[in-house]
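Asker: I would like the atomic coordinates for the input below:
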Amino acid sequence: MTDLVAVAHGTANPRGIRVVHGLVREMARQRPDLPISLGFVDLNLPALPELMRRVVADSNQAVAVPLLLSSGYHVYVDVAAEAERYPGQVHAAAALGPDPVLAEILADRLGDLSRVDHVVLAAAGSSDPRALLDCEETADLLSRRIGRPVQIGYLSGAGERLPAVLARTPGRVAVATYLLAPGFFETLVRRHARGHAVSPPLGADPRLAALALHRFTCSSTGGVDRGSVRQALVPGVSRPFIPTPPVEPRICRGSLPA
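Answerer: Numbers count the residues shown, from 1 in each chain. Got it, this is the predicted structure:
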């Protein structure tokens, strides 16, 4: 059986680590038949390369599923490096976002918007332009979901910073926290957005766990689905995809079965 290796960024915040562990436990609850482990690309242990070495030695086949909201350095370098290190054994799934499921969770976290004119999506940011494009797509998906304009304010990397976006956005503004878990960036969001309604991070939502599992299924079967995946997944195995920089990873995107 192919193992699922969940790949998280890592955080020094204990609440953030609990959320990541909670998300992986929810994935295991939804797929009790599937061997799942968790590795980190920064700050926490086990580090992804060491974990992947052990997984490959034990089970021979694995799919690395980034628990990351957009594609950037960690997807195109850290995760792709594991697929390159173990060709034919380790395959890399796409990042969680952009995806309509994330827009749905973001909208739920925002809650009642009857007194809100504009929403600002607060994203961690990246120096990789592909990650910024992913965030722009997420903002568009969220805008269509809530029926309001959505701007993006970044906390790091390239792109306009959150304080500047908030300063130029007119009317009544709410901030959608586009982060997986509490940590350094969430603290920045709340500091910069003082005086505005701020939604909590996405957290260990069962829909997020189902999305991660869908990324695994899509990668392990070699499928590509850029539309809705509310249709039944088609079983079968095709030629696996092994992303290596600068090749774009195969992407399975869309909403999940209800």
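Asker: okay, CA-based contacts and neighbour counts for the rest of this
Answerer: Will do.
Asker: So which other helices or strands are in contact with the strand or helix carrying residue 25?
Answerer: Under the criterion of DSSP states H and E, residue 25 resides in helix 14-30. Using 3 or more Cα pairs under 8 Å, 6 or more residues apart in numbering; DSSP states H and E, the elements in contact with helix 14-30 are strand 36-40, helix 206-220.
Asker: hey, where'd the strands end up in the stretch 1-150 of the chain?
Answerer: Secondary structure of the stretch 1-150 of the chain by DSSP state E, counting those that start in this stretch: the strands cover 3-8, 36-40, 62-66, 90-92, 118-123, 150-154.
Asker: Most tightly packed of those strands?
Answerer: Of all those, strand 90-92 has the most neighbours on average by mean count of other Cα atoms under 10 Å, namely a mean of 29.
Asker: Distance from that strand to the middle of the chain?
Answerer: How far strand 90-92 lies from its chain's middle: 17 Å, per Cα atoms, centre = their mean, to the nearest Å.
Asker: could you give the mean pLDDT of it?
Answerer: Strand 90-92 carries an average pLDDT of 97.
Asker: List the residues that contact the nearest residue to residue 27 once chain neighbours are set aside.
Answerer: Distance criterion Cα to Cα, 6 or more residues apart in numbering; nearest residue to residue 27, sequence neighbours excluded, is residue 209 at 5.0 Å. Contact analysis of residue 209 by Cα atoms under 8 Å, 6 or more residues apart in numbering lists 23, 24, 26, 27, 30.
Asker: want to try a markdown table for the residues you listed, with distance to residue 221, neighbour count and pLDDT as columns?
Answerer: What follows is those, written out as a markdown table (distance: Cα to Cα, whole Å; neighbours: other Cα atoms under 10 Å; pLDDT from 0 to 100):
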| residue | distance to residue 221 | neighbour count | pLDDT |
| --- | --- | --- | --- |
| 23 | 23 | 25 | 98 |
| 24 | 21 | 23 | 98 |
| 26 | 22 | 19 | 98 |
| 27 | 18 | 25 | 98 |
| 30 | 19 | 14 | 98 |
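Asker: of those residues, closest to residue 186?
Answerer: Of all the contacts of residue 209, residue 186 sits closest to residue 23, with 17.7 Å by Cα to Cα.
Asker: Distance check, that closest one against residue 77.
Answerer: 23 Å (Cα to Cα, to the nearest Å).
Asker: Just the pLDDT for the residue most central in space within the chain.
Answerer: Central residue of the chain (Cα atoms, centre = their mean): residue 69, 2.5 Å from the mean position. Here the pLDDT value assigned to residue 69 is 97.
Asker: That one: what's its closest spatial neighbour, skipping adjacent residues?
Answerer: Looking at residue 69 with Cα to Cα, 6+ apart, the closest residue is residue 97, at 4.7 Å.
Asker: The one you found contacts residue 70, doesn't it?
Answerer: Yes. Contact status for residue 97 versus residue 70: in contact at 5.0 Å, counting by Cα atoms under 8 Å.
Asker: any common contacting residues for the two?
Answerer: Between them, residue 97 and residue 70 share the contacting residues residue 134, judged by Cα under 8 Å, 6+ apart.
Asker: returning to what we had before: buried ones in the helix holding residue 25?
Answerer: 16, 17, 19, 20, 22, 23, 24, 25, 26, 27, 28 (16 or more other Cα atoms under 10 Å).
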